[in-house]
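Chemist: what's the 3D shape of this:
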Amino acid sequence: MADTDQILKTMLAKDNFSRWMGIEVDEYREGYCKLHYTVKEDMLNGFSIVHGGIVFSGSDSAFAFACNSHGQLSVALDVHISFIRAGKAGDVMTVEAKEIHTGNKTSFYDITTSNDKGEIVAVFKGTAYRTGKDILPPGV
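Modeler: From the prediction side, this is the model:
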């Protein structure tokens, strides 16, 4: 069983973009990640709604944390997002990534972003390639 606390700590230490977004991880275990962030003014597009790239990035971060939770370096192979509704400044977005299947070389995830009213903002599906390389150095 992977040391998920150490894996998450290692990933977050180098993740400047997630830090810029203000991402906070609420729950983390093998094959699962739940995080949240607050939409800031500088995350809005020209229509004063959250930029789709922000919602995508929050989903991608949850996906990355979940697919790497087994301790094996995994990278996105294919992703797809569907935007359901817009968000605005001040919204607290909760993102939940759930593992559907993990094989020797690939793994599959469903990621849902919801606002603080519990409304679904986006659904994201991701396929990860498992490289076979360990995230943590030996003995950690």
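
Chemist: taking the centroid of the chain, which residue is nearest it?
Modeler: In the chain, the C-alpha nearest the mean C-alpha coordinate belongs to Ala62, at 1.3 Å (C-alpha atoms, centre = their mean).

Chemist: show me what contacts that residue?
Modeler: Contact analysis of Ala62 by C-beta atoms under 8 Å, 6 or more residues apart in numbering lists Cys33, Lys34, Leu35, Val95, Glu96, Ala97, Ile111. For the C-beta atoms, the positions are set from N, CA and C on the backbone; glycine is no exception.

Chemist: one more time with 6 Å
Modeler: Ala62 makes contact with Cys33, Leu35, Val95, Ala97, Ile111 under the criterion C-beta atoms under 6 Å, 6 or more residues apart in numbering.

Chemist: got the residues you listed as CSV, with pLDDT and secondary structure columns?
Modeler: Below are the contacts of Ala62 laid out as CSV (pLDDT from 0 to 100; DSSP: H, G, I helix; E, B strand; the rest coil):
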residue, pLDDT, secondary structure
Cys33, 98, strand
Leu35, 98, strand
Val95, 98, strand
Ala97, 98, strand
Ile111, 98, strand
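
Chemist: out of the residues you listed, which comes closest to Val25?
Modeler: For the contacts of Ala62, the minimum distance to Val25 (C-beta to C-beta) is 4.7 Å, reached by Leu35.

Chemist: excluding chain neighbours, what is closest to that closest one?
Modeler: If you skip the residues right next to it in sequence, Leu35 has Val25 as its closest partner in space, 4.7 Å away by C-beta to C-beta, 6 or more residues apart in numbering.

Chemist: element containing that neighbour?
Modeler: Assigned by DSSP states H and E, Val25 belongs to strand 24-29.

Chemist: what strands line up against the one helix or strand Phe124 maps to, and which way round?
Modeler: In the assignment (DSSP H and E), Phe124 maps to strand 120-134. For strand 120-134, the paired strands and their directions (DSSP bridges) are strand 72-83 (antiparallel), strand 106-114 (antiparallel).

Chemist: just name the most buried of the ones you listed.
Modeler: When neighbours are counted by mean count of other C-beta atoms under 10 Å, the highest per-stretch mean among the strands paired with strand 120-134 falls to strand 106-114, a mean of 21.
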